[in-house]
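In: With the input below, show me the fold.
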Amino acid sequence: MSNTKILTSDTVGAVATSTVVAPVGVTQHKHSAQVILSAGTLTYSVQITLDGTNWLDVSGQTGLTAATHFNLDQPIAGMRLNVTAWTSGDVTLTILSA
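Out: Presented below is the predicted three-dimensional model:
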C-alpha cells in the first residue's frame with residue numbers, strides 16, 4: 001500500500017495567486033505536484049516558498065498553458081499557483097506527499 005497522500009489542493013479561475021500554502025513541513029523532502037487545467041485559456045506558474053514569505057518560481061514550471069506533473073526533492077514550506085493571464089477555464093494544483 002502506498003504512503004502517498006494528498007496534502008492540499010486549490011483551484012484558480014481568474015488572474016490571481018492561489019491560496020495554497022501547503023501544510024508541508026520543511027523536514028519533508030519528497031513532494032509531487034500535479035496541475036490539472038480545465039478547458040480554457042490561461043497562463044500560470046508554480047511557485048514554492050522556503051519561509052512562507054518569499055515565493056520563487058519552480059524551474060521549468062513557468063508560463064505554462066497545459067497540465068503538468070513534477071517532483072521536488074527539497075524541503076519547502078509551501079507551494080502555490082500564480083495565474084498571470086486568464087480568459088476562461090480554471091487550473092487546480094494538488095500537492096502530494098511521497
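
In: For the protein, which helix or strand comes out least confident on mean pLDDT?
Out: Using mean pLDDT, DSSP states H and E, the weakest-scoring helix or strand in the chain turns out to be strand 5-12, at a mean of 64.

In: and residue 50, how many residues sit next to it?
Out: Using other Cβ atoms under 10 Å, residue 50 has 14 neighbouring residues. The way it works is simple: take the backbone N, C-alpha and C, and place the C-beta from them, glycine included.

In: so what's it up against?
Out: Going by Cβ atoms under 8 Å, 6 or more residues apart in numbering, residue 50 touches 26, 56, 75, 76, 77.

In: again with residue 36
Out: Contacts for residue 36 (Cβ under 8 Å, 6+ apart) come out as 67, 91, 92, 94.

In: who wins for neighbours among these?
Out: residue 91 (26 neighbours).
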